[in-house]
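Q: return a 3D structure for these sequence lines:
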Amino acid sequence: MHIVVCMKQVPDSAQIRVHPVTNTIMRQGVPTIINPYDLFAIEEALRLRDTFGGEVTVLTMGPPSAEDSLRKALSFGVDRAVLLTDRFFAGADTLATTYALATALRKIGAEFGPPDIVFTGKQTIDGDTAQVGPGVAKRLGLIQLTYVSRINSVDTDKRLIEVERRAEGGVQQLQSRLPCLITILEGVNEIRVGSLMDALKAARATLIKWSAQDAGVEDITKCGLRGSPTIVKKVFAPQPRAQKAELIELGDNPGDALIDALFQRQPKLEGELEKLARGY
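A: Predicted structure coming up:
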C-alpha cells in the first residue's frame, strides 16, 4: 500500500502577522510548524502502513525552509519526503495550489507507485478554507471522503475502505473504492513520538526537491500568483468587545429567571418567538 500525505508548513498562529498593504500573511521572521490538522493525517497514514505494509510519502509545497517540517515528518517514521519548491509557486491561492499538488502527485505515482490513499488534514490554520483536499481530488479524479472521523476497515484485496464521516446532524458510515482522498478530522488519533533511530535518519535523509519543471508542470501560468484568481480585499482582527460580562442572580427558579433576563436585554426576541410558535 502506498499512502501520500499532503501537508503544509504554516506560521505559528500565536505569532502571525498580516501585511498592511497586500493583506497577506507575513511569513518572514515568524516561527513555522506543521499544520496541526496534518499531524492527524500523518499518524493515520502511519497506522495503516503499520497494519498493511507499504510506504508513506509526505508532500508539501513551500519555500526551501519547509524542509524543516518535512524532516519533522520523517522523524515520526515517514518513508519519503518530497518538497515542491519554486519561485513560480509563490502567492498561490487554493486553485493554484491544487494544480501544483495534483501535478506532483501524478509524478509521485509514476516514480514510486500510484497512491492508494491520499491524506490531508481537514484544513490549514492559516487559510481555513478546507478547499485544497477536495480540489486535489477533483483534479485527479479521486473519490473524496471529507471530514473523516474514523477509518473502520480497509480491504486491500477488494480495494474497499469503510469510514465514518462527521456530518450535520450525525455521523455517516461510508464505503468507498480505492484509490481515494481523505481529509481527516482533528482528535481521531494521537501522533506518535518518533524513535531515536527515526530522528537520526531524518536528520541525514536526502529530501526529494522538485521545481515546477521537475514536477512536470505544463502550464506555469496556472501556478503561483499568476494562476490565483482569489483577491484578498481585507484581513483584520475582530475588535474586542467593550461590554463586560454581567452576573445574573437566578434565585430559586433559574430557568424562568434566565428567560426573563434574556427578554429584558432582547425585547424583540419574545415577539419573534411567539410568531414562530403560531406558525407565521
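
Q: surely Thr97 touches Val132?
A: Yes - at 5.6 Å, Thr97 and Val132 qualify as touching, with contact defined as CB atoms under 8 Å. Heads up, the C-betas are built off the backbone N, CA and C, glycines and all.

Q: secondary structure element for Thr146?
A: strand 143-155 (DSSP states H and E).

Q: touching that strand from outside, list them.
A: 44, 48, 51-52, 122, 130, 133-134, 137-138, 160-167, 171, 173-174, 176-185, 188 (CB atoms under 8 Å, 6 or more residues apart in numbering).

Q: domains for this structure, by residue range?
A: Using automatic domain parsing, the domain parsing of the chain gives 2-222, 238-280.

Q: ok, of those domains, where does mean pLDDT dip lowest?
A: Of all the domains of the chain, domain 238-280 carries the lowest average pLDDT, namely a mean of 77.

Q: so how many other residues sit close to Glu164?
A: Using other CB atoms under 10 Å, the number of residues around Glu164 comes to 18.

Q: now do Ala41
A: The number of residues packed near Ala41 is 29, by other CB under 10 Å.

Q: quick check: closest non-adjacent residue to it.
A: Spatially, and ignoring its direct neighbours in sequence, Ala41 is nearest to Phe119 (4.0 Å; CB to CB, 6 or more residues apart in numbering).

Q: so that neighbour sits right up against Ala45, yeah?
A: Yes - the criterion here is CB under 8 Å, and Phe119 meets it with Ala45 at 5.2 Å.

Q: mutual contacts of the two, please.
A: Common contact partners of Phe119 and Ala45 (CB under 8 Å, 6+ apart): 3, 5.

Q: and the residue lying closest to Ile248 once chain neighbours are set aside, how close does it get to Asn253?
A: Spatial nearest neighbour of Ile248, excluding adjacent residues (CB to CB, 6+ apart): Ala261 at 5.1 Å. Separation of Ala261 from Asn253 (CB to CB, to the nearest Å) stands at 12 Å.

Q: which helix is the longest one in this structure?
A: Scanning the chain for the helix with the most residues, using DSSP state H, yields helix 94-112.

Q: buried sites along that helix?
A: Across helix 94-112, burial judged by 16 or more other CB atoms under 10 Å covers 94-105, 107-109, 112.

Q: which one among those residues gets closest to Leu269?
A: Thr94 (38.8 Å; CB to CB).

Q: doesn't Ala130 make contact with the closest one?
A: No - using CB under 8 Å, Thr94 is not in contact with Ala130; the gap is 9.2 Å.

Q: next, count neighbours for the closest residue to Leu178 other than its chain neighbours.
A: With CB to CB, 6+ apart as the criterion, Leu178 has its nearest non-adjacent residue at 4.4 Å, and that residue is Arg159. For Arg159, the count of nearby residues is 13 (other CB under 10 Å).

Q: next: the one 4 residues further on.
A: By the measure other CB under 10 Å, the count of residues near Val163 is 21.

Q: my guess is it meets Ile182, correct?
A: Yes - with contact defined as CB under 8 Å, Val163 counts as touching Ile182 (7.1 Å).
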